[in-house]
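Trainee: Can you look at this prediction? I've put the sequence above it.
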Amino acid sequence: MDEETLPPPLKEALQVLRKARMPEAKVEVVVGNFAYVWLPDVVYDPTKYPAPHRRGLWARVPIQFPLINPHGIVTRGQLNPVSSHPIKGESQDPSMCAPVQQLGGTHYYSWTWSGELGEGPKLNAPSDILGVVSWIERRIRNA
């Protein structure tokens, strides 16, 4: 994926993310209005999930970021908490994983920016991408 073709705010968000938190974060593919952003180092709560407690996943970030909120994640495996309770928002629609399936994406979670687990942070600037990662980790922890 040639990131040079992305809109400037999304390119800036990726630079912020790489500098502050995940140097290997990258856009794997753009499909429609969404960029599938690889987040290689998402933290999973060790009291709720088995090891490994740092895993990669893809966030569906709109190419219009930060003007439009992210929607959903794709994981390499099903989220299986130690308590074995079902995770809210898991989708059985394999087409949502298709853009990153060749890279190992197998499970899609249709997490919206608001809902039963609370509102995501307000997005106003490219640097708010760090709040997106924190929100994803909170959703995983509280799912």
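Mentor: Here it is on my side, so go on.
Trainee: List the contacts of residue 113.
Mentor: 69, 70, 71, 119, 120, 135 (C-beta atoms under 8 Å, 6 or more residues apart in numbering). Just so you know, the C-beta spots here come from the backbone N, C-alpha and C atoms, and that holds for glycine as well.
Trainee: try residue 44
Mentor: Contacts of residue 44 by C-beta under 8 Å, 6+ apart are 52, 53, 54, 55, 137, 140, 141.
Trainee: Pull out the buried members of these.
Mentor: Buried members of the contacts of residue 44, counted by 16 or more other C-beta atoms under 10 Å: 55, 140.
Trainee: centroid residue for the chain?
Mentor: residue 59 (2.3 Å; C-alpha atoms, centre = their mean).
Trainee: The residue lying farthest from the centre of the chain sits in which helix or strand?
Mentor: The outermost residue of the chain relative to its centre, with distances by C-alpha atoms, centre = their mean, is residue 83 at 22.8 Å. Assigned by DSSP states H and E, residue 83 belongs to no helix or strand.
Trainee: ditto for the one 3 residues further on
Mentor: With elements delineated by DSSP H and E, residue 86 resides in a region that no helix or strand encompasses.
Trainee: re the thing from before, now for the contacts of residue 113, which pair is the farthest apart?
Mentor: 71 and 119 (14.0 Å; C-beta to C-beta).
Trainee: And the worst-scoring helix or strand of the chain on mean pLDDT, what does it pack against?
Mentor: Here the helix or strand of the chain ranked lowest by mean pLDDT, DSSP states H and E is strand 90-91, holding a mean of 86. Packing partners of strand 90-91 (3 or more C-beta pairs under 8 Å, 6 or more residues apart in numbering; DSSP states H and E): strand 107-109.
Trainee: List of residues touching the strand it packs on?
Mentor: 72-79, 87, 89-91, 93-94, 96-97, 143.
Trainee: Show me what the next helix or strand after that strand packs onto, helices and strands only.
Mentor: On the C-terminal side of strand 107-109, the closest following helix or strand by DSSP H and E is helix 129-142. Applying 3+ C-beta pairs under 8 Å, 6+ apart, we find helix 129-142 packed against helix 8-20, strand 34-43, strand 54-62.
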